[in-house]
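Peer 1: okay, here's the prediction I keep looking at, along with the sequence it came from:
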Amino acid sequence: MRIIPTSNIFFLLFLFITLITASCKDKESNICGDDYETDPPGQWYKGDFHVHATGASNDTGNIPSYPADIKQAAKQIGLDFVVLTDHSNSTGSDPSTTAEDPALFNQGPEFPYWKECAALTDPDFLMIDGNELSPRHPDNSVPTGHIGCLPMNLETFDTTVVFIDRPMGTVTGGNTVQQAKDAGCYTIVNHPYAFTPHIAYDWTSYDYDAMEIWNGTIGYDFQDQDGRDAWLCDLLNGKKTTAVGGSDCHRAYINPPGNGLDPALGYPTTAVFAERLEWPAIIEGLKSGKTAIFGGESRLLLDGYDGGLCRSESQETRYLRLRGSADANIGTATLSLSKATSCSDNRPDYTDGPEIEQEIIYQETIYPNDAFDIRVAIAGDKGVYSATLIGDATTYYNALSRAITIEQ
Ligand SMILES: [Zn+2]
Ligand SMILES: [Zn+2]
């Protein structure tokens, strides 16, 4: 028999390995193992994107709720970051009154706790001074908008910027979105639908980055659901809006989960997937839409995988995976996974959210303290896939997933 020289054996071995590697990289025969491909490097960092502080918003009441108090409350419930978003029309104003002081309008400072926030930031906790641009129309039934402004680059951000939000009735929501963007902020439409229309959004611009689809006031209510529908509608329209939650806490000493018009800090919490706990990484996570919103110990993560269990968010996606848990106080909860396919966009109507055509593709009853890891088979059809965990006991302990958009 013919003896193959050693060098040729190595060559054949090399060829064999190359072929195996190539076939693994080939999309059609992707093999990620017997189990799901591991999660990418990073973790879910928990925070609150909508918080008011004493001495910067004039509707925080008489008991102090200063940045240091807010940090203490945040650490107690395990938050990794907090963004202060004081009203542009009252930053630096008298905390003992809720009356508007015309002398303070448009004068700022818009970021009065910038240095204090930097001093409260440590390797385990980020405290960021942002703003909530708060124009208003004298007729309370006319919407304008409250725009969350998150400075993106803390090194270069100009904290002396002055936001124009008055005289009443002259500044639109869209104008404040532009002002916040011009200042270098990541922009969030806060509570797009609201009981008091003058704080609802007027939809004069769609240039915002994110939408607050769960505002802490009264827990997760029907107006938050309208906001969630507006977010889904954006995604169906091809606009990559990120979903976030914000407590809108004005008093850090309010016990969780808060009550009525007095939301507690971190109810809800928004988790952002980021490589590390640094502000630029959190901003990157926001930009990529990697968020999850929840109250208490409820959680809901949504991921997609192809037939070989490699991570996938395309026509190749064959499984959606729902991971999470239910808080002890949620009551009997319903976990639903939906595929939205079209939106009848009624905006700028601010009284009712857009109508979403969607199909529930998976539903399951989840009980308090349950943890779950569920695999749902899909065909890779075009649509916007998202999940909710909604309890019947209160509105405070639900969980909302991010969305996966499959285009064709
Ligand atoms: Zn607001
Ligand atoms: Zn607010």
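Peer 2: Everything's here; your move. Ligands and ions are numbered 1, 2, ... in the order given.

Peer 1: CA-only coordinates of stretch 320-339 in CSV, if you can.
Peer 2: The C-alpha coordinates for stretch 320-339 follow below in CSV (Å, rounded to 0.1, in the frame of the first residue of the first chain):
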residue,chain,number,x,y,z
LEU,A,320,-38.2,32.8,19.9
ARG,A,321,-37.1,32.3,23.5
LEU,A,322,-38.9,33.9,26.4
ARG,A,323,-36.9,34.1,29.6
GLY,A,324,-38.1,35.7,32.8
SER,A,325,-39.7,35.6,36.2
ALA,A,326,-42.8,36.8,38.0
ASP,A,327,-42.7,39.0,41.1
ALA,A,328,-44.3,37.5,44.2
ASN,A,329,-46.9,40.3,44.1
ILE,A,330,-48.0,40.0,40.5
GLY,A,331,-51.1,37.8,41.1
THR,A,332,-52.0,35.5,38.3
ALA,A,333,-50.2,36.7,35.2
THR,A,334,-50.5,36.2,31.5
LEU,A,335,-47.4,35.8,29.4
SER,A,336,-48.2,36.7,25.8
LEU,A,337,-46.0,36.7,22.7
SER,A,338,-47.4,38.6,19.7
LYS,A,339,-46.6,39.2,16.1
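
Peer 1: what mean pLDDT does that stretch get?
Peer 2: The average pLDDT for stretch 320-339 rounds to 98.

Peer 1: next: stretch 294-306.
Peer 2: Mean per-residue pLDDT for stretch 294-306: 98.

Peer 1: cool, and stretch 259-274?
Peer 2: 96.

Peer 1: does ligand 1 have contacts with it?
Peer 2: No. Using CB under 5 Å from the ion, stretch 259-274 stays clear of ligand 1, with a minimum separation of 11.4 Å. For every residue, glycine as well, the C-beta is placed using N, CA and C.

Peer 1: and that stretch, C-alpha only, in CSV?
Peer 2: C-alpha atoms of stretch 259-274 as CSV (Å, rounded to 0.1, in the frame of the first residue of the first chain):
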residue,chain,number,x,y,z
ASN,A,259,-49.2,54.8,44.9
GLY,A,260,-51.4,56.6,42.3
LEU,A,261,-49.8,59.8,41.3
ASP,A,262,-46.8,59.2,43.5
PRO,A,263,-44.7,56.6,41.7
ALA,A,264,-41.7,55.1,43.6
LEU,A,265,-38.2,55.2,42.2
GLY,A,266,-37.5,52.3,39.9
TYR,A,267,-41.2,51.4,39.3
PRO,A,268,-40.8,50.6,36.5
THR,A,269,-37.1,49.8,36.0
THR,A,270,-35.6,49.7,32.6
ALA,A,271,-32.8,47.2,32.0
VAL,A,272,-30.3,47.9,29.2
PHE,A,273,-28.0,45.3,27.8
ALA,A,274,-24.5,46.8,27.8
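
Peer 1: what residue in this protein comes nearest to ligand 1?
Peer 2: residue 146 (3.4 Å; CB to the ion).

Peer 1: residues of stretch 336-352 that come out buried?
Peer 2: 336-340, 343, 345-347, 350 (16 or more other CB atoms under 10 Å).

Peer 1: so how far is that stretch off the chain centroid?
Peer 2: 18 Å (CA atoms, centre = their mean, to the nearest Å).

Peer 1: which residues of this structure lie near ligand 2?
Peer 2: Within the chain, the residues that sit near ligand 2 (CB under 5 Å from the ion) are 132, 248.

Peer 1: any regions of the chain where pLDDT drops low?
Peer 2: In the predicted model of the chain, residues 1-31, 90-108 satisfy pLDDT under 70.

Peer 1: I'd guessed residue 37 sits against residue 311; true?
Peer 2: Yes. Contact criterion CB atoms under 8 Å: residue 37 and residue 311 qualify, at 4.9 Å.

Peer 1: name the residues contacting each of the two.
Peer 2: residue 305 (CB atoms under 8 Å, 6 or more residues apart in numbering).

Peer 1: span of stretch 134-147 from start to end?
Peer 2: Counting by CA to CA, to the nearest Å, you get 7 Å between the two ends of stretch 134-147.

Peer 1: next, the buried residues of that stretch.
Peer 2: 134-137, 143-147.

Peer 1: stretch 165-180 too?
Peer 2: 165-166, 168, 171-180.

Peer 1: what's the spacing between the residue nearest the centre of the chain and ligand 2?
Peer 2: For the chain, residue 244 is the residue whose C-alpha lies nearest the centre (CA atoms, centre = their mean; 1.9 Å). Per CB to the ion, to the nearest Å, residue 244 is found 13 Å from ligand 2.
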